[in-house]
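Asker: Sequence and computational prediction follow.
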Amino acid sequence: KGAVDSSFFLGLKGVKDVIPVTRPYKQVSREFHPEDTIVRVGDVPVGNGHLTIMAGPCAIESEEQALTIAEHVRRAGAHIFRGGAFKPRTSPYSFQGLEEEGLKILVKVRETTEMPVVTEAMDNETFDMVEEYADMIQIGTRNMQNFSLLKRAGRAGKPILLKRGMAATIDEWLMAAEYIFAGGNSEVILCERGIRTFVHHSRNTLDLSAVPVVRKESHLPVIVDPSHAAGRRDQVIPLSRAAVAVSAHGLMVEVHHAPEQAMSDGAQSLYPEQFERLCQQVRSIFDTFQAEENGL
């Protein structure tokens, strides 16, 4: 019993092709679990029937900065606070995050606002530390196929937010989620954050078509990160509206009270008043679709 490697059969004489009759990602597939899964982050549900908004700065810079932004996004309607303590940066000279000090600030945010917090774990060495402080652990786009990290996430006692790799197919993304399930952790949320293409008008290309495809293939909740897809704030609100319209279960949005002074990704961070407008607009769209589904 167990997995069968199709390459074994392909090597046999007379075999031209092997056609699977079931999905390679067993546990995350609707074939295994037809009903939608709802993942709880703290007391916040993410999944079918809910529009969950996660918001906060790209990086935790100080306690004052984090608490200021957290209060803004909480009042506007955010449910979960996001903020990076460990930052995977393209340049080794860029701000790398406050590390454990940043995690302690996230705990302060949770205690002050009663919002659960999500932050990224970059490697196995710091995973335990992140798990100790965070309510949900993010696996970032660069680590989507870091298989040792996925295996560690499978042993975690916290929900995992799995971002799609910037060059990953949907099958590869779902197989990464399967790694986490195979390790014993079934609390997984998928996040579409844009893929790398040839365009220059945005940092990445938000693959909105992936949302309904993934919802059809998998029972897991799927949210959208319009901030990293766009790389510029003027596109974030339109992309957020579109994400909710194609049935995303939630959004992850970067917000900063002074983005021109942000230590990372200020150009894509919304001002608090812009985020408040975003929340109003996407809730209106979500409520319209919910009313239609309920026949109202």
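Answerer: Looks like it arrived, so ask away.
Asker: can you tell me which residues contact residue 286?
Answerer: Contact analysis of residue 286 by C-beta atoms under 8 Å, 6 or more residues apart in numbering lists 51, 244. Just so you know, the C-beta spots here come from the backbone N, C-alpha and C atoms, and that holds for glycine as well.
Asker: Need the mean per-residue confidence for the helix or strand where it lies.
Answerer: Assessed by DSSP states H and E, residue 286 sits inside helix 272-293. Mean per-residue pLDDT for helix 272-293: 96.
Asker: Buried ones in that helix, by neighbour count?
Answerer: Judged by neighbour count (16 or more other C-beta atoms under 10 Å), helix 272-293 contains these buried residues: 272, 274-276, 278-279, 282, 285-286.
Asker: so which of the residues you listed comes closest to residue 82?
Answerer: residue 275 (12.2 Å; C-beta to C-beta).
Asker: Could you report the neighbour count for the closest residue to the closest one other than its chain neighbours?
Answerer: Leaving out its chain neighbours, the residue that sits closest to residue 275 by C-beta to C-beta, 6 or more residues apart in numbering is residue 255, at 4.7 Å. When counting by other C-beta atoms under 10 Å, one arrives at 28 neighbours for residue 255.
Asker: Tell me what residue 255 is bridged to.
Answerer: residue 270 (DSSP bridges).
Asker: separation between the closest residue to residue 129 other than its chain neighbours and residue 110?
Answerer: Closest residue to residue 129 in three dimensions, ignoring its sequence neighbours and counting by C-beta to C-beta, 6+ apart: residue 100, at 6.1 Å. Going from residue 100 to residue 110 by C-beta to C-beta, to the nearest Å gives 16 Å.
Asker: Between the two, point out the one with more neighbours.
Answerer: Neighbour tally, residue 100 and residue 110, criterion other C-beta under 10 Å: the higher count belongs to residue 110, 19 against 15.
Asker: send the alpha carbons of the least confident helix or strand in the chain by mean pLDDT over as PDB?
Answerer: In the chain, the helix or strand scored least confidently by mean pLDDT, DSSP states H and E is helix 6-10, which has a mean of 77. Extracted C-alpha coordinates of helix 6-10, given in PDB (Å, rounded to 0.1, in the frame of the first residue of the first chain):
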ATOM      1  CA  SER A   6       4.200   6.200 -12.400                       C
ATOM      2  CA  SER A   7       7.800   6.400 -13.800                       C
ATOM      3  CA  PHE A   8       8.100   2.700 -12.900                       C
ATOM      4  CA  PHE A   9       5.400   1.700 -15.400                       C
ATOM      5  CA  LEU A  10       6.700   4.200 -18.000                       C
END
